[in-house]
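K.L.:
Structure for this input, please:
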Amino acid sequence: MRAWRTAELLTKEAAWPSPEECRELEPSTPPNECFDALRDRQESTLALVGHQPLLSELASLLLAGDGRLLRLELKKGAAMCLRFDGSAEAGAAALRWSVSPKLLGSLGR
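P.N.:
Below is the predicted model:
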């Protein structure tokens, strides 16, 4: 629920498209399976919202090619923006930004 509220804040405060539910991004799903769901998307820029440890493991996989290589401190319901130059492959993403729900919510104030 908290992650969904953060995704809605992205739409309201930062003019991102409406969030899309992606069951493959549920907390119990291994990062490799999450990556498979994301690889099928055509977008070159994705905003991901979620919880630990899945969000940081998925980010590590997308950024460094290994789900345990990077240690990222992300708050509950954090959001991050990743960009792919070309196809979405493990280790091919660039981190554009990462934001806590609190900071995102303060944008409209």
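K.L.:
any chance you could map the strands in the protein?
P.N.:
45-50, 78-84, 93-99 (DSSP state E).
K.L.:
Which strand residues bridge the residue nearest the centre of the chain?
P.N.:
For the chain, the residue nearest the mean C-alpha position is L48 (2.0 Å; Cα atoms, centre = their mean). Beta-bridge partners recorded for L48 (DSSP bridges): M80.
K.L.:
For it, list the residues it contacts.
P.N.:
L25, L55, L58, A59, A79, M80, C81, L82 (Cβ atoms under 8 Å, 6 or more residues apart in numbering). Backbone N, C-alpha and C define where each C-beta goes, glycine included.
K.L.:
wait, which of the strands of the chain is closest to A3?
P.N.:
Closest approach to A3 among those (Cβ to Cβ): strand 45-50, 4.7 Å.
K.L.:
Restrict the closest one to CA atoms and write it as CSV.
P.N.:
Provided in CSV are the C-alpha atoms of strand 45-50 (Å, rounded to 0.1, in the frame of the first residue of the first chain):
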residue,chain,number,x,y,z
THR,A,45,13.1,5.1,-18.5
LEU,A,46,11.4,3.4,-15.6
ALA,A,47,10.4,4.6,-12.1
LEU,A,48,10.4,1.7,-9.7
VAL,A,49,8.7,1.9,-6.3
GLY,A,50,8.9,-0.8,-3.6
